[in-house]
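# Sharing a model that was predicted from the sequence below.
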Amino acid sequence: MNTSRPLLLPLAIAVLAGCSDGTDVPPPPPSSLSIAPTAIPEGAPGEMNALRFRISMTEAQPAAVRVRYRTEGDSAQPDVDFLPAEGEVTLEPGALSAAITVDVFGNAADEPAKTLRLVYTVDGNAEATGDAALGTIANDDAQCTSPALKEPNPWRVFGADPLNYAHRGGVIDFPENTLYAYAEVATVGADVLEMDVYQTLDNELVILHDLSVDRTTNGGGQVVDLTLAELREFDAAYWFVPGVGTPRDRPEADYVFRGIATGDRPPPPGYSREDFRIPTLEEALQRFAGNLLNVELKPDLDGIGDYEQQIATLLLRYGRTSDIIAASFVDEAATAFKQAAPCIPTSVPLGQGTGLVLAAQGPGIIPPVPEHVSFQVPPDTSQITGDGQLPEGFFLQVVNEDFVADAHAANLAVQVWTINACEDMLQMMALGVDAIMTDRPVLLQSLLDTPPSERRCD
């Protein structure tokens, strides 16, 4: 008697059912699908602009994936601020991205930004990371002729915990100055996204700390000698190792984000390859409309691109007049920016700040500085490096109780850089500073999330 036949028959049926197309190739794993938040200037009366929501998948699929969507009003009103939309977008086999556009109506009113929600569902071999994306209709009608609001100073915390400033998005925690880093650190809870802006050869504004791309990317050369298209080819996370920064001597496996920007490795769920390339300032303004920003102006090395005016114009187009600080250690850049946009808060530049700090030592005081809202200073002069910046052997403790008291008496926020050790973070908190800039915003946030009486360093 053959007893194996009853056992083999169900197995054969199961195998055939799993390969109904006649092949033995298993279906691919589902892709992660996300839609990023976005912002756009509203435009002039009678004009229509368009919010462009980017759809991204982490893995291409052999069959089409469909996204069904509809708009809902938040603070923005349908048919008044935007044209209601409902429909379906198809990502064809092999595609990794698509877009949904929502038309918005322009006006001439100086009013707060307005938001709408894009609600969506997914059909196909993809799993959505959310069910809605926020669209911001930015106010581009602000009259920027008056000084920035300083009474009360919105950048002071008045005895509360300091703001968590994610220095370059978190140099040690995440691949610095990438959209991925800024999105991740915002999710962690950082209060302010700090970014540096250079001008390219073709006068585009990009986010990068160094003049050269060599330290962080797989490319080479100076930003001012490269076009935006050339910079877009580089992998901005190429040299990053989590918890370390950008070392050159680690095993290949330690560079866990290497190759995402170039398409050689899939991005994490919720992100796309573009999030690991050198971003433009406008992309950051579109993506992080609801986050406080600190934009540092770098030297305009070629002197022909109207750099400060260009940054001011872009910030004003996106309505960033109260939730941002434009900082610069270059006095000429700070002055030029202030002339272009007096309504945008700024920090005291290096030359002016040095004179104020030195004059305030001991019994000295800091006089009123109505044109700026904050000091951005190191805890001491050991962090100031570079030939000729300080006399040899010079040392000064900048941030102490006296300095904090003097700055606050002049209604200036005290924002200290770059604080990476737990003990130093606790010391700055004890001194009552208004912000801590750090390469380790995850560590700082863990301290801020702990009740003050329980904050300890291991």
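Perfect, I can see it now.
# For Val414, what is the enclosing helix or strand?
Val414 is located in strand 413-416, with elements delineated by DSSP states H and E.
# Could you point out which residue ranges in the stretch 251-400 of the chain have low pLDDT?
Applying pLDDT under 70 to the stretch 251-400 of the chain flags residues 301-305, 385-393.
# show me what contacts Asp254?
Going by Cβ atoms under 8 Å, 6 or more residues apart in numbering, Asp254 touches Val241. Where C-beta positions appear, they are placed from N, C-alpha and C, glycine not excepted.
# distance of the nearest residue to Leu447 once chain neighbours are set aside from Met425?
The shortest distance from Leu447 to any non-neighbouring residue, by Cβ to Cβ, 6 or more residues apart in numbering, is to Arg455 (5.4 Å). Here Arg455 is placed at a distance of 9 Å from Met425 (Cβ to Cβ, to the nearest Å).
# I figured Gly221 was touching Ser212, is that so?
Yes - the pair Gly221 / Ser212 is scored as a contact, 6.8 Å apart, by Cβ atoms under 8 Å.
# Name the residues contacting each of the two.
By Cβ under 8 Å, 6+ apart, no residue touches both Gly221 and Ser212.
# ok, back up a step: give me the neighbour count for the residue nearest to Leu447.
Neighbours of Arg455 under the rule other Cβ atoms under 10 Å: 15.
# List the residues that contact it.
Leu426, Met429, Leu447.
# so which of the residues you listed comes closest to Asp225?
Checking the contacts of Arg455 against Asp225 by Cβ to Cβ gives Leu447 as the nearest, at 41.5 Å.
# helices or strands up against the strand or helix carrying that closest one?
Secondary structure assignment for Leu447, by DSSP H and E: helix 441-448. In terms of contacts (3 or more Cβ pairs under 8 Å, 6 or more residues apart in numbering; DSSP states H and E), helix 441-448 is packed against strand 163-166, helix 179-188, helix 422-431.
# can you put the ones you listed in TSV and add mean pLDDT?
Output for the helices and strands packed on helix 441-448, formatted as TSV (pLDDT from 0 to 100):
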stretch	mean pLDDT
strand 163-166	98
helix 179-188	98
helix 422-431	98
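# Ala336 is nearest to which of the ones you listed?
strand 163-166 (24.1 Å).
# Can you tell me which helices and strands the closest one packs against?
If you count contacts as 3+ Cβ pairs under 8 Å, 6+ apart, strand 163-166 packs onto helix 179-188, strand 192-199, strand 435-438, helix 441-448.
# partners of it in the sheet?
strand 192-199 (parallel), strand 435-438 (parallel) (DSSP bridges).
# Pick the most buried one from these.
The highest mean neighbour count among the strands paired with strand 163-166, using mean count of other Cβ atoms under 10 Å, belongs to strand 435-438: a mean of 27.
# circling back to that earlier point, tell me which of the helices and strands packed on helix 441-448 sits most buried.
Comparing the helices and strands packed on helix 441-448 by mean neighbour count (mean count of other Cβ under 10 Å), strand 163-166 comes out on top with a mean of 27.
# which residues touch it?
155, 157, 181-182, 185-186, 189-194, 292, 294, 415, 417, 434-438, 441, 444-445, 448.
# hmm, try it at 6 Å
Val185, Ala190, Asp191, Val192, Leu193, Glu194, Ala435, Met437, Pro441, Leu444, Gln445 (Cβ atoms under 6 Å, 6 or more residues apart in numbering).
# Touching, Ala435 and Pro162? I think so.
Yes - contact criterion Cβ atoms under 6 Å: Ala435 and Pro162 qualify, at 5.1 Å.
# hey, C-alpha coordinates of the helix or strand containing Val89 in PDB?
Applying DSSP H and E as the criterion places Val89 in strand 86-91. Output of strand 86-91 as PDB, limited to C-alpha atoms (Å, rounded to 0.1, in the frame of the first residue of the first chain):
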ATOM      1  CA  GLU A  86      -9.000  63.500  -5.300                       C
ATOM      2  CA  GLY A  87      -7.600  60.800  -7.500                       C
ATOM      3  CA  GLU A  88      -5.100  58.000  -8.100                       C
ATOM      4  CA  VAL A  89      -1.400  57.900  -9.100                       C
ATOM      5  CA  THR A  90       0.200  54.800 -10.500                       C
ATOM      6  CA  LEU A  91       3.900  53.900 -10.000                       C
END
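# buried sites along that strand?
Counting neighbours by 16 or more other Cβ atoms under 10 Å, one finds that the buried residues in strand 86-91 are Val89, Leu91.
# cool, stretch 215-228 as well?
Within stretch 215-228, the residues scored as buried using 16+ other Cβ under 10 Å are Thr216, Thr217, Asn218, Gly219, Gly221, Val223, Val224, Leu226, Leu228.
# Next: stretch 358-376.
For stretch 358-376, burial by neighbour count (16+ other Cβ under 10 Å) applies to Ala360, Ile366, Val369, Glu371, His372, Val373, Ser374, Phe375, Gln376.
# Identify, from those, the entry nearest to Val104.
Val373 (31.1 Å).
# Contacts only, for the closest one.
Lys150, Asn153, Trp155, Pro345.
# can you pull the contacts of the second one?
Yep, that's Asn153 we're talking about. Contacts of Asn153 were listed using Cβ under 6 Å, 6+ apart, and they are Val373, Asn411.
# same deal with the one 4 residues further on?
Listed by Cβ under 6 Å, 6+ apart, the contact set of Val157 reads Asp434.
# On the three-state scheme, it is what?
coil (DSSP: H, G, I helix; E, B strand; the rest coil).
# Quick check: phi and psi on it?
phi -100, psi -10 (degrees, to the nearest 10).
# which residues in the stretch 201-350 of the chain form helices?
228-232, 281-287, 307-317, 331-340, 350-359 (DSSP state H, counting those that start in this stretch).
# Next, format the ones you listed as TSV and append distance to Phe394.
Below are those laid out as TSV (distance: least, Cβ to Cβ, whole Å):
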stretch	distance to Phe394
helix 228-232	37
helix 281-287	35
helix 307-317	30
helix 331-340	20
helix 350-359	11
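# Other residues contacting stretch 43-62?
Taking contacts as Cβ under 6 Å, 6+ apart, the residues outside stretch 43-62 that touch it are 31-36, 38, 40, 67, 93-94, 96-104, 106-108, 118, 125-126, 133, 135, 266-267, 272.
# Surely Ile260 touches Tyr271?
No - with contact defined as Cβ under 6 Å, Ile260 does not count as touching Tyr271 (8.0 Å).
# sorry, back to before: common neighbours of Arg455 and Met425, please.
Shared contacts of Arg455 and Met425 (Cβ under 6 Å, 6+ apart): Leu447.
# the more surrounded of Ile260 and Tyr271?
Per other Cβ under 10 Å, whichever of Ile260 and Tyr271 has more neighbours is Ile260, with 27 against 22.
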